[in-house]
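Asker: dropping the sequence and predicted coords here.
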Amino acid sequence: MHASEVHMSVLDLHALNALEKEARADALADTNAQLEALSAEARVNWALENLPGEFVLSSSFGIQAAVCLHLVTQQRPDIPVILTDTGYLFPETYRFIDELTEKLNLNLKIYRAEQSPAWQEARYGKLWEQGVEGIEKYNDINKVEPMNRALKELNAQTWFAGLRRDQSGSRANLPVLGVQRGVFKILPIIDWDNRTVYQYLQKHGLKYHPLWDEGYLSVGDTHTTRKWEPGMAEEETRFFGLKRECGLHEG
């Protein structure tokens with residue numbers, strides 16, 4: 001099946017936003033069934049041809065970030081790439097961002113919380129040490145609000161992201177196409193496994209995040225990321241195993 005053969009049953013974002021979550025999923029079910037049969041490249045092509053702009057791509061510049069950054073920019077080189085910078089990323093992550101931005105000539109758009117990390121700590125203490133509630137507040141301030149601001153300022157109507165079902169239980173049932181924060185959200189590599197990621201990186205001369213070689217399966221902030229140890233699920237390496245999602249991809 002080619003991307004051009006997928007019939008979009010409901011392209012009306014306004015109408016979809018008026019629906020309850022389950023009804024929205026039902027409205028997109030036929031389209032998703034057809035998108036499941038496409039390659040990741042064809043899904044990107046289909047989205048660019050059939051979904052409304054402006055288009056954006058979000059990236060955490062994590063372990064496998066190069067895949068989606070390369071995949072999407074091959075077809076839309078100037079797409080805004082949104083990074084929500086908490087100020088607590090690993091030094092290796094900041095260097096990886098610089099490296100990929102130069103290599104792929106990314107149109108990087110960096111968004112941060114309105115309060116600096118030092119000011120937040122002065123006001124609230126170390127939120128990430130204050131249980132689930134503290135972590136959620138930290139994520140709202142540093143990730144969710146900046147992302148909402150990015151989507152609004154960039155007039156986004158279609159958002160690409162590199163989530164995969166096998167990363168965690170919370171992502172296991174995600175569709176290729178959904179609606180989140182009032183915009184279309186498309187996940188072109190949602191059904192990829194680790195082997196497919198590896199093969200894509202090898203084929204295109206791309207690298208994993210440098211901390212991959214040190215035993216990290218998932219990389220976020222320095223204070224809430226742990227190395228993988230035998231017996232741990234991947235999702236236990238983030239937020240002390242209390243949460244998998246930072247809030248960006250929920251709602």
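Answerer: Alright, I've got the coordinates.
Asker: helix, strand or coil: sort out residue 207 for me.
Answerer: Judged by DSSP: H, G, I helix; E, B strand; the rest coil, the three-state class of residue 207 is coil.
Asker: quick check: which element contains the residue nearest to residue 204 when sequence neighbours are not counted?
Answerer: For residue 204, ignoring the flanking residues on the chain, the nearest one in space by CB to CB, 6 or more residues apart in numbering is residue 70 at 5.7 Å. Placement of C-beta: from N, CA and C, glycine included. Using DSSP states H and E, the element containing residue 70 is helix 65-73.
Asker: tell me the gap between that helix and the middle of its chain.
Answerer: Distance of helix 65-73 from its chain centroid, counting by CA atoms, centre = their mean, to the nearest Å, is 11 Å.
Asker: and stretch 115-124, by the same measure?
Answerer: The chain centre lies 25 Å from the centre of stretch 115-124; the measure is CA atoms, centre = their mean.
Asker: ok, back up a step: run through the residues that contact the residue nearest to residue 204.
Answerer: 104, 200, 204, 206 (CB atoms under 8 Å, 6 or more residues apart in numbering).
Asker: next, the buried residues of the helix holding residue 70.
Answerer: Neighbour counts over helix 65-73 (16 or more other CB atoms under 10 Å) mark 65-73 as buried.
Asker: how about stretch 89-104?
Answerer: 89-90, 92-93, 96-97, 100-101, 104.
Asker: show me the contacts for residue 192.
Answerer: Counting by CB under 8 Å, 6+ apart, residue 192 has contacts 40, 67, 164, 166, 200.
Asker: out of those, who's nearest residue 19?
Answerer: residue 164 (26.3 Å; CB to CB).
Asker: and residue 197, that's in a helix?
Answerer: Yes: per three-state DSSP, residue 197 lies within a helix segment.
Asker: tally of neighbours for it?
Answerer: 21 (other CB atoms under 10 Å).
Asker: hang on, it packs against residue 66?
Answerer: No: counting by CB atoms under 8 Å, residue 197 does not reach residue 66; the two are 9.4 Å apart.
Asker: how about the residue positioned nearest the centre of the chain: what's its closest non-neighbour residue?
Answerer: Taking CA atoms, centre = their mean, the centroid of the chain lies closest to residue 161, which sits 4.0 Å from it. Distances taken as CB to CB, 6+ apart place residue 58 nearest to residue 161, at 5.1 Å, with adjacent residues excluded.
Asker: and the one you found, how far from residue 82?
Answerer: Residue 58 is 5 Å from residue 82, where distance means CB to CB, to the nearest Å.
Asker: shared neighbours, these two?
Answerer: With CB under 8 Å, 6+ apart, residue 58 and residue 82 have common neighbours residue 147.
Asker: for the stretch 101-250 of the chain, which segments count as helices?
Answerer: Per DSSP state H, counting those that start in this stretch, the stretch 101-250 of the chain carries helices over the ranges 117-124, 131-139, 145-153, 194-203.
Asker: can you redo these as a markdown table with distance to residue 47?
Answerer: Listed next are the helices of the stretch 101-250 of the chain as a markdown table, based on distance: least, CB to CB, whole Å:
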| stretch | distance to residue 47 |
| --- | --- |
| helix 117-124 | 35 |
| helix 131-139 | 27 |
| helix 145-153 | 16 |
| helix 194-203 | 18 |
